[in-house]
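In: Just the structure for this:
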Amino acid sequence: MYRRGALLILLFALALPGVAAADGQAETEVTYLLQFVAASGCTFVRNGDSHHSAEAADHLRMKYKRGRRYADTAEQFIDRLASNSSWSGKPYTVTCAGKTEASSAWLHRALEAYRQAG
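Out: Residues are numbered from 1 along each chain as shown. Take a look at the predicted model:
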C-alpha cells in the first residue's frame, strides 16, 4: 500500500512540470495575441462601437485578467474571451485593410502563424 501511494505521488510530481509548461505556453501565446491586436492598426467592433486596436487590446487584456480561469489555452482565450461580448453575446469583428471578419477567425490564424514561426 505504501509503495503504491509513493508511486502515485511520484507520478503526480513528474506531471506537474508539464502542467506548468502548458500554462506558461498559454500565457506566452495570449501575451503574443494581445500584442498582435495592439500593433495591428485594425478597427474592432464591439457591441456596435468601433475601437482602435490599442483600445481593443486593453479590453481583451482586462477580460483575460478577470476570466483567466476560463482560458487554460490560447484557443480557449480566443473562443471564450476574445470572440464575443460577455454582456450581449454579440460577436466581435475586426476590419483590416478594408476586410471585415470575425475576430475569432482572425485571432486563430494569428495564433497558427505564431506557432508555425516559433
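In: Identify the residue nearest the residue nearest the centre of the chain in space, chain neighbours excluded?
Out: Residue closest to the mean C-alpha point of the chain, counted by Cα atoms, centre = their mean, is Phe77 at 3.1 Å. Once flanking residues are discounted, Phe77 sits nearest to Ala71: 4.0 Å by Cβ to Cβ, 6 or more residues apart in numbering. (Each C-beta comes from the backbone N, C-alpha and C, glycine too.)
In: Distance-wise, check Val23 relative to Ala74.
Out: One correction, residue 23 is Asp, not Val. As for Asp23, its distance to Ala74 is 11 Å (criterion: Cβ to Cβ, to the nearest Å).
In: What does the residue nearest to the centre of the chain show for phi and psi?
Out: Per-residue torsions, Phe77: phi -60, psi -50 (degrees, to the nearest 10).
In: for this protein, what spans make up the helices?
Out: 2-40, 53-67, 74-76, 103-117 (DSSP state H).
In: Most tightly packed of those?
Out: Among the helices of the chain, ranked by average contacts under mean count of other Cβ atoms under 10 Å, first place goes to helix 74-76 (a mean of 18).
In: for that one, packing partners?
Out: For helix 74-76, the elements it packs on are helix 2-40, helix 103-117, judged by 3 or more Cβ pairs under 8 Å, 6 or more residues apart in numbering; DSSP states H and E.
In: Return the alpha-carbon coordinates of the last one using PDB.
Out: Coordinates of the C-alpha atoms in helix 103-117 are reproduced here as PDB (Å, rounded to 0.1, in the frame of the first residue of the first chain):
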ATOM      1  CA  SER A 103     -12.200  38.300 -34.500                       C
ATOM      2  CA  SER A 104     -12.200  34.600 -33.700                       C
ATOM      3  CA  ALA A 105     -11.100  33.600 -37.200                       C
ATOM      4  CA  TRP A 106      -8.600  36.400 -37.400                       C
ATOM      5  CA  LEU A 107      -7.000  35.500 -34.000                       C
ATOM      6  CA  HIS A 108      -7.000  31.800 -34.700                       C
ATOM      7  CA  ARG A 109      -5.000  32.500 -37.900                       C
ATOM      8  CA  ALA A 110      -2.600  34.800 -36.000                       C
ATOM      9  CA  LEU A 111      -2.100  32.100 -33.400                       C
ATOM     10  CA  GLU A 112      -1.400  29.400 -36.000                       C
ATOM     11  CA  ALA A 113       1.100  31.700 -37.800                       C
ATOM     12  CA  TYR A 114       2.800  32.400 -34.400                       C
ATOM     13  CA  ARG A 115       3.200  28.700 -33.700                       C
ATOM     14  CA  GLN A 116       4.500  27.900 -37.200                       C
ATOM     15  CA  ALA A 117       7.100  30.700 -36.900                       C
END
